[in-house]
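Undergrad: Predicted model and sequence follow; I will ask about them next.
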Amino acid sequence: MGVRDTSASGSEAAQVLNLDTLIRLRRGQRESPPSGRLPIPEGMTLPLGCDAVAVPAHLGPLLMPRLPRVGCVYADGAHWWWIVPAESDVALEWPAPARYATGAMVPVTPCAPALVHRPDGILPYTPPIPLYLALCRIMDTTPAWSRPLSA
């Protein structure tokens, strides 16, 4: 399913925009404060790209034991940052106060995030669905797909 761009004039062909294209366009329109990318430890690979999910620092220690696998986790004074595969926000509404950082770009702060957990192996990812569910549980929030629909 796609959206047809009918703004093309004259002989220009109409372009079909799919969900992936629309999401990328939306991300490109966001204005954000100066940021830096979380450094991935040497020897690790990013076959799925990488994004990050930030949670308030006091929630970090509560999430760790609830996850079947923990990837790279960084912490600054205010947040813990979890590395997840790119586009782990598609069709997920991360519960507040979590923040999603495309490209693992985090705001520049006086205290740069430091690596607090490095997994064994070469993949830095925390699986996003278990992270999402654990965060929903801690925040006492119903996952988006379980909420009743309203007409």
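TA: Received the coordinates, thanks. Model, not experiment: these values are computed from the prediction.
Undergrad: which stretches of the chain have low pLDDT?
TA: For the chain, applying pLDDT under 70 flags the ranges 1-15, 19-35, 147, 149, 151.
Undergrad: for A104, what are its contacts?
TA: Listed by C-beta atoms under 8 Å, 6 or more residues apart in numbering, the contact set of A104 reads R37, L38, I40, C50, D51, A52, W81, I83. All C-beta spots, glycine's among them, are computed from the backbone N, C-alpha and C.
Undergrad: so the fifth one sits right up against G103, yeah?
TA: This points to D51. Yes. Between D51 and G103 a contact is recorded at 6.4 Å, counting by C-beta atoms under 8 Å.
Undergrad: which of these two has more neighbours?
TA: Between D51 and G103, counting by other C-beta atoms under 10 Å, D51 is the more crowded of the two (22 against 14).
Undergrad: so which strand or helix has I40?
TA: Assessed by DSSP states H and E, I40 sits outside every helix and strand.
Undergrad: just use 46 as the starting number from now, easier for me
TA: OK, 46 is where the count begins now, so the last one is I85.
Undergrad: Pull the number of nearby residues for it.
TA: Using other C-beta under 10 Å, I85 is surrounded by 16 other residues.
Undergrad: about what we covered before: which members of the contacts of A149 are classed as buried?
TA: Buried subset of the contacts of A149 (neighbour count, 16 or more other C-beta atoms under 10 Å): L83, I85, C95, D96, A97, W126, I128.
Undergrad: can those residues go into JSON lines with extra columns for distance to V115 and secondary structure?
TA: What follows is those, written out as JSON lines (distance: C-beta to C-beta, whole Å; DSSP: H, G, I helix; E, B strand; the rest coil):
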{"residue": "L83", "distance to V115": "15", "secondary structure": "coil"}
{"residue": "I85", "distance to V115": "15", "secondary structure": "coil"}
{"residue": "C95", "distance to V115": "15", "secondary structure": "coil"}
{"residue": "D96", "distance to V115": "16", "secondary structure": "strand"}
{"residue": "A97", "distance to V115": "14", "secondary structure": "strand"}
{"residue": "W126", "distance to V115": "12", "secondary structure": "strand"}
{"residue": "I128", "distance to V115": "10", "secondary structure": "strand"}
